[in-house]
Structures are given as structure tokens and as C-alpha cells.
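>>> Need a 3D model of the sequence below.
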Amino acid sequence: MNLQEFRNNPPTFEQLVRVAPNQQIISFISALDKVQIRRSALKNKTVENNSTFEQILQNADKSLELEFNELTTLLNVCIERINVLENDNKYLTDTIRKLVQVKENNSEREEKLEDKIDSEL
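Reported below is the predicted structural model:
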């Protein structure tokens, strides 16, 4: 994902909430808002030297692009970690189910053995 794709299709609130504890993601969103506000303010001003205005916008975009790329990498790492945790959670849930089943089976066997012992006595 590049900056233009992000602008055209930003992540949903739910997607961001999954990694919201990461302060850098929150900082990035704040920085994005600040750049957009600065950019709007610059567009509203009358600028005598149009090339300077364009250069300011290009520099702001380059700076934002670099920060965006770093944070995209960080976001991907967070998503990978979430996936690993979800897989671990599934594994642990399956293991617990199997243990419960084994316990139930053992309880049934124990009851059958008790019944057999009682019947033989």
C-alpha cells in the first residue's frame, strides 16, 4: 500500500483498533491530519512564487510518504503478531477441547470399571 492508496482507501476504525495500543500508529494518524491541515492552509494563502508553493507541498508529501512507509511496515508487523496470537489461541483452544474430551472419556471408563467391580461383588 502506498500513500495514495491509503488516502483513497484508508483503513476502517475497526482495523486501526486492532493495533491501537501502538502509539506510533496513533502518532501517524495525528501527523497525517496535521499535514492535511497545513496543506489546506497553504492552498488558501496567496503565494507569489508558485514553484515555492509546489516545493513545499512536495516536501510535505515526501516527508509524509517516508513516515507512512515506516508505519506501514510497523502496521504489517503488528498484523503478523496478531495473526500469530490468533493461531496460538486456536491451538490452545483445540488443546483444551482435547483435554476435556480425554477427561470425559476417562470419567466414563472409571464409571464402567466401578460398575463392573460392583457387579462382580
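
>>> okay, CA-based contacts and neighbour counts for the rest of this
Noted.

>>> how near is Gln36 to Asp61?
10 Å (CA to CA, to the nearest Å).

>>> Remind me what whichever helix in the chain runs longest packs against, helices and strands.
Using DSSP state H to assign secondary structure, the helix with the most residues in the chain is helix 50-120. Judged by 3 or more CA pairs under 8 Å, 6 or more residues apart in numbering; DSSP states H and E, the packing partners of helix 50-120 are helix 3-8, helix 23-44.

>>> Neighbour count: Gln36 and Asp61, which is higher?
In this comparison of Gln36 against Asp61, neighbours counted by other CA atoms under 10 Å, the higher total goes to Asp61 at 17 against 14.

>>> pLDDT wise, what is that one at?
For Asp61, the model assigns a pLDDT of 77.

>>> now Leu42
You'll see Leu42 listed with a pLDDT of 64.

>>> before we move on, what about Asn69?
Model confidence at Asn69, expressed as pLDDT, equals 82.
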